[in-house]
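[1] Test case, fold it:
(one chain, ligands or ions: 2)
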Amino acid sequence: VDLQVETEKKQASHAIQPDIVEEIRVSFAHRIFFTSNLFQKQSPLFHSLLVREAPHAPAQVVVVIDRNVAEANPGLCASVDRYCREWSIALAGEPLLVQGGETAKNDREVVEQVHRVISDHGLSRHAYVVAIGGGAVLDAVGYAAATAHRGVRHIRVPTTTLSQADGGVGVKNGINAFGKKNFLGTFAPPWAVVCDSAFLSTLPERERRAGFVEAVKVALIRDASFFEWIENAADDLARFEMSAVEELVRRSARLHVEHISRGGDPFEHGSARPLDFGHWSAHKLEQMSAFRISHGEAVAIGAAIDTLVSVEAGHLGAEDADRVLRLLERLGFSLWAEELSREKELAGGLEEFREHLGGELTITLVRAPGAGFETHEMRAEWVRRALEILRERAHVP
Ligand SMILES: NC(=O)c1ccc[n+]([C@@H]2O[C@H](COP(=O)([O-])OP(=O)(O)OC[C@H]3O[C@@H](n4cnc5c(N)ncnc54)[C@H](O)[C@@H]3O)[C@@H](O)[C@H]2O)c1
Ligand SMILES: [Zn+2]
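    Residues are numbered from 1 along each chain as shown. Ligands and ions are numbered 1, 2, ... in the order given. Model prediction:
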């Protein structure tokens with residue numbers, strides 16, 4: 001990133017000087033809370049997040065809920081309603097239920113519904129749009145909140161392990177368009193993020209596990225002691241023992257948020273996305289399987305591939321790689337999928353990854369658990385060998 005900035009500065013110094021140049025600085029407080037049962041009557045947290053504009057004017061709030069979350073938690077809408085009455089919060093209409101999962105991002109419907117509620121209730125930029133749901137709903141509602149009035153205050157309540165441990169605590173939003181994932185979207189730090197562990201108990205098993213892999217990923221490239229902690233907790237995690245899951249979510253969220261705030265590139269102007277370890281092949285695999293393979297499942301395979309590539313490239317010992325693969329397997333991930341046989345097509349994921357970020361191909365590899373680094377070098381033979389090892393490991397002929 002620094003290198004990129006330096007290069008840009010050098011190029012800029014040869015360019016014609018502007019007649020006016022001012023630096024614009026904007027700083028954001030990115031606040032994440034961990035709790036359980038956010039809308040329990042006596043819990044002050046949600047109320048404390050809302051700033052009153054005037055003593056007699058209660059905070060205006062729109063609540064948007066992932067329909068699958070509402071169905072799995074039948075008392076939720078009533079609790080939100082009761083909570084707002086109890087704490088004198090002005091709820092703009094009933095909670096709005098929207099379709100959950102990727103369909104929330106596949107057209108403009110959810111975005112328009114949210115825009116309409118904001119418009120119909122005459123809400124200002126100082127109102128709050130609260131989104132309760134999986135990462136997909138948060139992305140769509142976050143985009144709507146960021147674009148109405150050029151940005152209405154937005155509170156995110158991620159309800160999946162994946163969104164609590166990774167995407168939901170970030171600063172990006174977006175929807176899919178023109179057949180491209182996240183084609184429309186903005187960088188918009190939310191007013192606050194609240195991770196409520198109570199929601200995790202209603203997740204289907206496949207969704208529960210999905211968040212574990214992003215935690216393994218970020219531990220593997222950033223934090224050796226967290227990696228060891230996950231190894232020790234693997235059996236509890238595989239059984240979805242709540243205190244282990246909560247700790248995993250917190251530590252993973254913290255590492256992701258630290259990266260955003262201290263990594264030097266919160267709005268991703270550079271060509272690298274260091275936390276996307278294993279993601280070049282994961283994105284491709286999701287696509288090749290027509291999304292039968294979920295993001296978490298694909299990242300488990302992608303992380304295994306780039307771990308083995310790290311060995312082939314001479315950076316990582318084979319024993320350390322085996323630790324990583326074994327951990328992913330113990331957490332319940334399968335490290336093989338039939339799509340991996342289409343090696344050439346899979347390798348196309350590298351170019352797509354580069355294209356999306358622009359500039360030179362930059363990928364993250366590992367030297368040891370906890371020590372990731374960025375490199376521009378990637379060879380087809382390394383990937384081929386990694387796939388061979390995964391095939392042997394899965395006993396696929
Ligand atoms: N903004 C970012 O920085 C960022 C980062 C990573 C991923 N993402 C996005 O996040 C999305 C994936 O999010 P996800 O993994 O949370 O999946 P998801 O939002 O697709 O949710 C998975 C499924 O579980 C349901 N669900 C959610 N919470 C539930 C609960 N508590 N109980 C029962 N069912 C529940 C959802 O309705 C959906 O059907 C993708 O669109 C991805 O692009 C965004
Ligand atoms: Zn991911």
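[2] Tell me the helices and strands packed up against the helix or strand where residue 156 lies.
    In this structure, residue 156 sits in strand 153-158 according to DSSP states H and E. The helices and strands touching strand 153-158, judged by 3 or more C-beta pairs under 8 Å, 6 or more residues apart in numbering; DSSP states H and E, are strand 128-133, helix 135-147, strand 192-196. Quick note: C-beta positions are derived from backbone N, CA and C, even for glycine.
[3] Which of these sits closest to residue 38?
    strand 192-196 (4.6 Å; C-beta to C-beta).
[4] Let me see the residues that make contact with the closest one.
    Residues from elsewhere that reach strand 192-196 (C-beta atoms under 8 Å, 6 or more residues apart in numbering): 30-38, 45-46, 49, 155-159, 164, 168-169, 249-250, 253.
[5] rerun at 6 Å
    The contact list for strand 192-196, computed with C-beta atoms under 6 Å, 6 or more residues apart in numbering, reads 31, 32, 33, 34, 35, 38, 49, 155, 156, 157, 164, 169.
[6] mind checking how far the spatially most central residue of the chain is from ligand 1?
    Note on the chain: the residue nearest the mean C-alpha position is residue 167, at 1.5 Å, using C-alpha atoms, centre = their mean. Distance, residue 167 to ligand 1, by C-beta to the nearest ligand atom, to the nearest Å: 2 Å.
[7] Equivalent analysis for residue 393, please.
    According to C-beta to the nearest ligand atom, residue 393 stands 26 Å off from ligand 1.
[8] Leaving out sequence neighbours, find the closest residue to that residue.
    Nearest residue to residue 393, sequence neighbours excluded (C-beta to C-beta, 6 or more residues apart in numbering): residue 335, at 6.5 Å.
[9] What about the closest residue to ligand 1 within the stretch 251-397 of the chain, how many residues nearby?
    In the stretch 251-397 of the chain, the residue that lies nearest ligand 1 is residue 295 (6.0 Å; C-beta to the nearest ligand atom). Residues lying near residue 295 (other C-beta atoms under 10 Å) number 22.
[10] quick one: pLDDT of it?
    Per-residue pLDDT puts residue 295 at 91.
[11] Quick check: residues of this protein near ligand 1?
    For the chain, the residues in contact with ligand 1 (C-beta under 6 Å from any ligand atom) are 66, 68-69, 72, 100-102, 105, 133-137, 139, 159-160, 162-163, 166-167, 170, 172-173, 199, 202-203, 207, 210, 295.
[12] So among the residues you listed, which ones count as buried?
    Buried subset of those (neighbour count, 16 or more other C-beta atoms under 10 Å): 66, 68-69, 72, 100-102, 105, 133-137, 139, 159-160, 162-163, 166-167, 170, 172-173, 199, 203, 207, 210, 295.
[13] just checking, which of these belong to strands?
    Among these, the members found in strands (DSSP state E) are 66, 133.
[14] In helices only, show me the buried ones among the residues of the chain next to ligand 1.
    Residues of these located in helices (DSSP state H): 68-69, 72, 105, 135-137, 139, 162-163, 207, 210, 295.
[15] so which of those residues comes closest to ligand 1?
    The closest of these, once distances to ligand 1 are taken by C-beta to the nearest ligand atom, is residue 135, at 2.4 Å.
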